[in-house]
Structure formats: C-alpha cells, structure tokens
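*Asks:* Predicted structure and sequence below. I'll ask about it afterward.
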Amino acid sequence: MSFQDEFNSGVLEVISPSPAYYPDTSRLRITLGDPPERVRWRSKQNLDFAYLMMYSQPKAVFYDQLDDILAKPHFITTMKIAAYDRIANKQSRFVLDFCQLGFIGKMFRCVELPWLVQLFFMFYSDKPVDRLLENEIHTKVSLLATDDAACRRAKDELWVHYKPSLFQHIGTQPSLKEKLKKSGNAEHPSDRFYNTTVEVLLKIVPLSEASENMTSDGYVIIGKFDSRCIAEGVVSQKLGAFSELRLTVHSVSDNRAILSEIFIWGQEAR
C-alpha cells in the first residue's frame, strides 16, 4: 500500500528523534516490580510520546494518541463533534477519552500538551504513560477537592470518558513481547474475572472432539481466566463453526467486572 499522495500533501509525516535524545537506559531504576526490559520499553515510550507531542503541539488544535488500532466509521467526525461541543458549552476538561485501553484514544488540547511533556520528562522511568496521566489528573483535582467524593467528581469533569469506545487495539507484533492485555482497571484492580471460563456453542457438535470439555448445557470450554486475569482460547477447526460465545463465572464475588473489549481472530489472521 502506498501513501505517496498523503506524504506529498503533508497529511502524513514521518519523524524520528536523534539517538542523542534518549538517555542511557541500561541504568534505569526498577519500579513497580517490572523486569528491566519492560522498564526500558515503557521509559522509551514515555520519551517517544513527549517528542511527538512537542513536534505536534504547534500544528493543530487537538492532539490524539493512536497506535495499531481498528477504528469505528467516522471516528474523526465523532471526536471533533465531542470536543467542540464541550468548548461551545464551556465545559472544562483535560482529556477526552475515546478508548479504555491504556493511552489509546486520549485527546488533549494542544495548548495543554506542555503539561504532559514536562511530566513525561520528569518521571519517564517511574511509571507507564497511562499511570502518569492518572497522576496528572489527581494532582490537578486533589488540591481543590474537600473529600473523596468531591475528588471523584472533579476528576470526572477533567477526564471525560466517551462511550462506546471508538477504537480497538489490534497490534499483533507488540514492541515488547511480554506486553499482555488484562481485564480490570487501575482504579479498581479487584474488578476482574476470577474463576471464569470462556465457552462456545457449536452449530454442529462432533462428539468425539468436544465431549471432554463440554458443559452440561452443551457449551464447549475453550479457555479460562488465569491468575493474571487473562483468558485466551482457540476453537479447533475440527469443531467447526459456533453460534454463541459466553463467559461463565463459577463463584460469587464481592466485586463486579465490565467486559469492554473482545478480540476474535480468524485462523488466517493468527
């Protein structure tokens, strides 16, 4: 696929920092219990985002971070309408969040990008970029809020979540091979799926293949959430097509979990 016309018109640009831009990543302080390789990866990502924000800041009104995504139709129009509606209605906000995954789909006003750039430069090796954003929002509201409830209301005014999500992350070649997608979120780490299986209902059941993992009501178990709260499963071609997919929670929990993203790949895409 060629993008020559887009390059010639200036719609697309390719930029790359000088190697001198990056510090020595072999001596980074280990934090959050992450292995050194992940600390280096997330630190470089923070510096990459800071560089991109500095380059982009004078070029536009809004800045949005996208990376290896599948977007819903007309996503640009949807985002612009949401952003300009808040401006027209004089509603304050720091970030418009169009995706619940990490830093994807986070829209900022370009005039406010220097706040994030300074934050990333100061703490690039301490935390991943999404946690640094959470810290920035918390800092902005904590000095004004009188209690936890007021803090949450103030945070919701600055960090506005757009639903439903406009993007899904589809990268199959992550820059860090240990990078995994997990259920739950940073604010409520206990709101995850525990003791839960992933099951499918086959259109035609070949008993010799499916009987071992079949439930009493005819579903075939293809995976379950493990101790990391990650579920992966493969439907063997021998089982044929299926008509339904469900999650079965096998124990009572004091917490609740929201499943916001499901990724299904066909055999040709794996």
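*Replies:* All right, it came through fine.
*Asks:* Listing request: residues of this protein with sub-threshold pLDDT.
*Replies:* Within the chain, the segments meeting pLDDT under 70 span 1, 143-145, 169-191, 205-212, 227-229, 254-261, 263, 265-270.
*Asks:* Let's see that with 50 instead.
*Replies:* 172-174, 176-188, 269-270 (pLDDT under 50).
*Asks:* So Leu247: helix, strand or coil?
*Replies:* Secondary structure state of Leu247, per DSSP: H, G, I helix; E, B strand; the rest coil, is strand.
*Asks:* Could you give the number of residues near it?
*Replies:* 16 (other C-beta atoms under 10 Å). Quick note: C-beta positions are derived from backbone N, CA and C, even for glycine.
*Asks:* Phe193 is in contact with that one, correct?
*Replies:* Yes. In this structure, Leu247 is within contact of Phe193 by C-beta atoms under 8 Å, at 6.9 Å.
*Asks:* Which residue, other than its chain neighbours, is closest to His138?
*Replies:* Lys155 (7.2 Å; C-beta to C-beta, 6 or more residues apart in numbering).
*Asks:* After the helix or strand hosting the one you found, which helix or strand is next? Please name it.
*Replies:* Assigned by DSSP states H and E, Lys155 belongs to helix 148-158. Sequence-wise, the next helix or strand downstream of helix 148-158 (DSSP H and E) is strand 159-161.
*Asks:* Buried ones in that following strand, by neighbour count?
*Replies:* By 16 or more other C-beta atoms under 10 Å, the buried positions in strand 159-161 come out as 159-160.
*Asks:* same for it, what does it pack against?
*Replies:* Applying 3 or more C-beta pairs under 8 Å, 6 or more residues apart in numbering; DSSP states H and E, one finds that strand 159-161 contacts strand 95-97.
*Asks:* Quick one: distance of the strand it packs on to the chain centre.
*Replies:* Centroid displacement of strand 95-97 relative to its chain, using C-alpha atoms, centre = their mean, to the nearest Å, is 13 Å.
*Asks:* so what strands line up beside that strand?
*Replies:* Applying DSSP bridges to the sheet, strand 95-97 is found paired with strand 106-109 (antiparallel), strand 159-161 (parallel).
*Asks:* neighbouring contacts of it?
*Replies:* 79, 82-83, 86, 105-108, 133, 137, 158-162 (C-beta atoms under 8 Å, 6 or more residues apart in numbering).
*Asks:* From those, list the buried ones, please.
*Replies:* Buried by 16+ other C-beta under 10 Å: 79, 82-83, 105-108, 133, 137, 159-160, 162, out of those.
*Asks:* Going along the chain, name the strands of the stretch 151-270 of the chain.
*Replies:* 159-161, 167-169, 196-202, 220-224, 242-249 (DSSP state E, counting those that start in this stretch).
*Asks:* contacting residues for Arg246?
*Replies:* 198-201, 219.
*Asks:* Which one of the residues you listed sits in the busiest neighbourhood?
*Replies:* Of the contacts of Arg246, with other C-beta under 10 Å as the count, Glu199 tops at 23 neighbours.
*Asks:* Mind listing the residues bridging to that one?
*Replies:* Residues in beta-bridge contact with Glu199 (DSSP bridges): Ile221, Arg246.
*Asks:* so how far is Asn89 from it?
*Replies:* Distance of Glu199 to Asn89, computed by C-beta to C-beta, to the nearest Å: 45 Å.
*Asks:* Give me the number of neighbouring residues for the residue nearest to His138.
*Replies:* Applying other C-beta under 10 Å, we find 18 residues neighbouring Lys155.
*Asks:* same deal with Pro17?
*Replies:* 14.
*Asks:* With Cys110 instead?
*Replies:* Neighbourhood size, Cys110 [other C-beta under 10 Å]: 15.
*Asks:* same thing with Arg109?
*Replies:* 17.
*Asks:* Looks like His250 contacts Tyr194 (just checking).
*Replies:* No. In this structure His250 lies outside contact range of Tyr194 using C-beta under 8 Å: 9.0 Å.
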